[in-house]
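Asks: Turn this into a model:
(one chain, ligands or ions: 1)
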Amino acid sequence: MPDLSERQLLQRHPDNPILTSDAFPMSVNTVFNAAATKLPSGETLLLCRVESRSGRSHLWIARSDDGVTNWRVDPTPAIEAGHPDRPEEEWCVEDARIVFAPECDKYVITYTSFDRTGPAVSIATTSDFQDYEFLGRALPPENKDAAILPRKFDGQWAMIHRPVPRQGNPNIWISFSPDLVHWGQHQPILFARTGPWWDANKIGLSPPLIETTDGWLMMYHGVKKTVAGEMYRLGLALLDLDDPRKCLLRSKQWIMSPEAPYERTGDVSDVVFPCGYTLDDDGDGLNLYYGAADDTMALARGSVKELLAWLHENSLPGDHV
Ligand code: BMA
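Replies: Below is the predicted model of the structure:
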């Protein structure tokens, strides 16, 4: 395995940004923070957060054969904010994550539902991205950045999420559920660092976890506040395969930071925000889809093996704070 520096781990696609608001059938403001999955047909599906020109966000599907070009955008959103049966989505639906769970043979979509009470975690399931079952608000406000793990632990589903407490920092938590509806056994698993660290004060899960033989590879975002504003960067952690409450390793440095012009400038400047990935047929090639500056969708490529090898060399043990 070549000894890669963190700057070489993820390569931005030369066609970035790969999807912009121009691709949509009506005039929309921005498209960003998409969940991703590869369908059995081989197509890549992105469930994009699309902000309309009213300021409200909806979840909208775009499909591509090669995951890079010729995105086919649905005529209407898959999940549209403001549905009368789901008052918790009155204002917005945002930042989905998709996990296929073989035990229930469905895709489990976790997303932010946003109404006047604040942003919360909602769950919907689907087997075909045409019909959806809405399980409602799983965790109350303020909470975001949630994804389930694809299998059960001692008969319980596990979900990673990020509550915002009145006291202390927004840290990353895990909760368990027998049925994806009722959640409990809540506990923090990764704490925001403090002081000058790149992930000081606020962290959150980025895309769903990647299962590896060494553990669950977690990409998480760290938000550094400076006098110029906030900087959303990406780092790595590894959770125990059998007990994902245990953090085994955590990277010292970020692996991706806003650098390209489309990441540095946009509706919210200085943001790289991945919510989804697909893997190549070899199980190693990683296609990481990320929102750039809350404005467009971009793609970075990497290798799961290389990320893991780098993490082993460049981490501090456990949940280093
Ligand atoms: C977070 C989320 C993301 C967004 C980011 C930067 O709190 O709302 O959707 O990309 O802020 O604005």
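Asks: Break down the stretch 51-200 of the chain into its strands, ranges please.
Replies: 57-64, 72-73, 92-101, 106-115, 118-126, 133-139, 143-148, 157-163, 172-177, 184-190 (DSSP state E, counting those that start in this stretch).
Asks: mind checking which of these is nearest residue 298?
Replies: strand 57-64 (13.5 Å; C-beta to C-beta). In this view, the C-beta of every residue, glycine as well, is placed from N, C-alpha and C.
Asks: Return the list of helices and strands in contact with the closest one.
Replies: With contacts defined as 3 or more C-beta pairs under 8 Å, 6 or more residues apart in numbering; DSSP states H and E, the packing partners of strand 57-64 are strand 28-38, strand 44-52, strand 72-73, strand 92-101.
Asks: Put together CSV for those strands, with mean pLDDT and distance to the ligand on each row.
Replies: Below are these laid out as CSV (pLDDT from 0 to 100; distance: least, C-beta to the nearest ligand atom, whole Å):
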stretch, mean pLDDT, distance to the ligand
strand 28-38, 98, 5
strand 44-52, 98, 7
strand 72-73, 98, 20
strand 92-101, 98, 5
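Asks: ok so, going back, and the strands of the stretch 51-200 of the chain as JSON lines, adding distance to residue 253 and mean neighbour count?
Replies: Formatted as JSON lines, those follow (distance: least, C-beta to C-beta, whole Å; neighbours: other C-beta atoms under 10 Å):
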{"stretch": "strand 57-64", "distance to residue 253": "31", "mean neighbour count": "22"}
{"stretch": "strand 72-73", "distance to residue 253": "36", "mean neighbour count": "14"}
{"stretch": "strand 92-101", "distance to residue 253": "24", "mean neighbour count": "23"}
{"stretch": "strand 106-115", "distance to residue 253": "28", "mean neighbour count": "24"}
{"stretch": "strand 118-126", "distance to residue 253": "29", "mean neighbour count": "21"}
{"stretch": "strand 133-139", "distance to residue 253": "30", "mean neighbour count": "17"}
{"stretch": "strand 143-148", "distance to residue 253": "21", "mean neighbour count": "25"}
{"stretch": "strand 157-163", "distance to residue 253": "21", "mean neighbour count": "24"}
{"stretch": "strand 172-177", "distance to residue 253": "18", "mean neighbour count": "21"}
{"stretch": "strand 184-190", "distance to residue 253": "16", "mean neighbour count": "15"}
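Asks: and these as CSV, adding distance to residue 23?
Replies: Below are the strands of the stretch 51-200 of the chain laid out as CSV (distance: least, C-beta to C-beta, whole Å):
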stretch, distance to residue 23
strand 57-64, 7
strand 72-73, 5
strand 92-101, 18
strand 106-115, 21
strand 118-126, 22
strand 133-139, 27
strand 143-148, 25
strand 157-163, 30
strand 172-177, 32
strand 184-190, 35
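Asks: closest point of this protein to the ligand, which residue?
Replies: residue 268 (3.8 Å; C-beta to the nearest ligand atom).
Asks: tell me the pLDDT at that residue?
Replies: The model reports residue 268 with a pLDDT of 98.
Asks: What about the spatially closest residue to it that is not a sequence neighbour, how many residues nearby?
Replies: Nearest in space to residue 268, with sequence neighbours left out and distances taken as C-beta to C-beta, 6 or more residues apart in numbering, is residue 294 at 3.8 Å. Counted with other C-beta atoms under 10 Å, the neighbours of residue 294 add up to 20.
Asks: Quick check: phi and psi at residue 294.
Replies: Per-residue torsions, residue 294: phi 50, psi 40 (degrees, to the nearest 10).
Asks: residue contacts, it?
Replies: Contact analysis of residue 294 by C-beta atoms under 8 Å, 6 or more residues apart in numbering lists 30, 32, 33, 51, 266, 267, 268, 271, 273.
Asks: run the last query once more with 10 Å
Replies: For residue 294, the contacting residues are 29-33, 49, 51, 232, 266-271, 273, taking C-beta atoms under 10 Å, 6 or more residues apart in numbering as the criterion.
Asks: neighbour-wise, which of the residues you listed leads?
Replies: residue 32 (31 neighbours).
Asks: so what's that residue closest to, chain neighbours aside?
Replies: Spatial nearest neighbour of residue 32, excluding adjacent residues (C-beta to C-beta, 6+ apart): residue 291 at 3.2 Å.
Asks: Look at the one you found and report its pLDDT.
Replies: 99.
Asks: What separation is there between it and residue 300?
Replies: For residue 291, the distance to residue 300 (C-beta to C-beta, to the nearest Å) stands at 12 Å.
Asks: Since that was my last question, I'll sign off now.
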